[in-house]
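J.: coords below, sequence missing:
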């Protein structure tokens, strides 16, 4: 049983207003990422918190587009690694900096494929050891850089190239993994966030930065290319993931879970408001949408009852 905080709005720590956010960007404009890329925005916001004295460890994925030397837009140190070993590399950097008596921040920035799946072993090991760095998963719910394949972060019924729509299967038949809770079970600071709520996200990056050990954030980001929508609508779409209750905002600290946003029973938007905005869900029937709505409602009943683990229905 976990403690559920009584907060009904977003948490208030540092970065209470946009006046608290540094104007300086540590990523230049004109990057080679897709128009409207949520992953790039997530990194830009994280670096406003982490600061210029930061080493970014990039697991192979969409953000590898930012590592093309000598044309990289990054203004901080950047190391590009294979998809499976970013956390191991971060561990080495942390110990090297300590040996050199250098005070710098270390930020791992990996996609959901590199975090939930292929890189989980090294991430779990780093968390268990208490290695002191920040890990942000920019979660676009698929292997985006290689053409939209299924990952364990892919939502139920979402269409990907490896979970197509056919006679037998209606997209992804499996529930997504609840990664932030899994990481919280390691005893580290762990949280979910969303680029549509930047102040909440940056406050959580600040907490992860100050945490003595590994701080983990599962950041929901939009992906126009693979989700199927106009790039200009990206922030509004991921905002609806939160406002429908599909993507809960919470923190796990010391084994205690606190919800950061809950408008109250019956006050979330219908899940259809999020689902209907993307091509990956265009195939859903009214029955399937009702199934998802029922699962989300049940999950929030459990949260409000003080239950930690979500139902396995969604």
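T.: Perfect, I can see it now. Source: prediction; values computed, not measured.

J.: use CA for all of it now, contacts and neighbours both
T.: Will do.

J.: quick one, what contacts the closest residue to residue 32 other than its chain neighbours?
T.: Nearest-residue entry for residue 32: residue 65, 6.2 Å, with adjacent residues in sequence omitted and distances by Cα to Cα, 6 or more residues apart in numbering. Residue 65 sits next to 31-33 when contact means Cα atoms under 8 Å, 6 or more residues apart in numbering.

J.: swap in residue 110?
T.: For residue 110, the contacting residues are 58-61, 63, 86, 135-138, taking Cα under 8 Å, 6+ apart as the criterion.

J.: Of these, which count as buried by neighbour count?
T.: Applying a neighbour-count criterion of 16 or more other Cα atoms under 10 Å, the buried members of these are 58-61, 63, 86, 135-138.

J.: is it fair to say residue 205 lies in a strand?
T.: No: assessed by DSSP: H, G, I helix; E, B strand; the rest coil, residue 205 does not belong to a strand; its assignment is helix.

J.: and the contacts of residue 65, which are buried?
T.: Buried by 16+ other Cα under 10 Å: 32-33, out of those.

J.: Direction included, what does the helix or strand containing residue 192 pair up with?
T.: Secondary structure here is read from DSSP states H and E; on that basis residue 192 sits in strand 189-194. Using DSSP bridges, the neighbouring strands of strand 189-194 in the sheet come out as strand 215-220 (parallel), strand 250-253 (antiparallel).

J.: Deepest in the core, which of the ones you listed is it.
T.: Of all the strands paired with strand 189-194, strand 215-220 carries the top mean neighbour count, a mean of 27, counting by mean count of other Cα atoms under 10 Å.

J.: how far is it from where the chain is centred?
T.: Relative to the mean C-alpha coordinate of its chain, strand 215-220 is positioned 5 Å out (Cα atoms, centre = their mean, to the nearest Å).

J.: which residues touch residue 177?
T.: 116, 152-153.

J.: For it, give me the backbone phi and psi.
T.: phi -70, psi 140 (degrees, to the nearest 10).

J.: what's the pLDDT at it?
T.: Confidence at residue 177, expressed as pLDDT, is 94.

J.: tell me which of the contacts of residue 65 is nearest to residue 232?
T.: Proximity of these to residue 232 (Cα to Cα) peaks at residue 33, which lies at 14.5 Å.

J.: So that closest one is in contact with residue 40, correct?
T.: Yes: here residue 33 reaches residue 40: they are 7.4 Å apart, a contact under Cα atoms under 8 Å.

J.: For the stretch 1-150 of the chain, which segments count as strands?
T.: Secondary structure of the stretch 1-150 of the chain (DSSP state E, counting those that start in this stretch): strands located at 54-59, 77-81, 105-111, 134-139.

J.: any idea which of those strands is most buried?
T.: Neighbour counts (mean count of other Cα under 10 Å) averaged over each of these peak at strand 134-139, with a mean of 28.

J.: That strand to strand 189-194, inter-axis angle?
T.: If you take axes from the mean of the first three to the mean of the last three Cα atoms, to 10 degrees, strand 134-139 sits at 40 degrees to strand 189-194.
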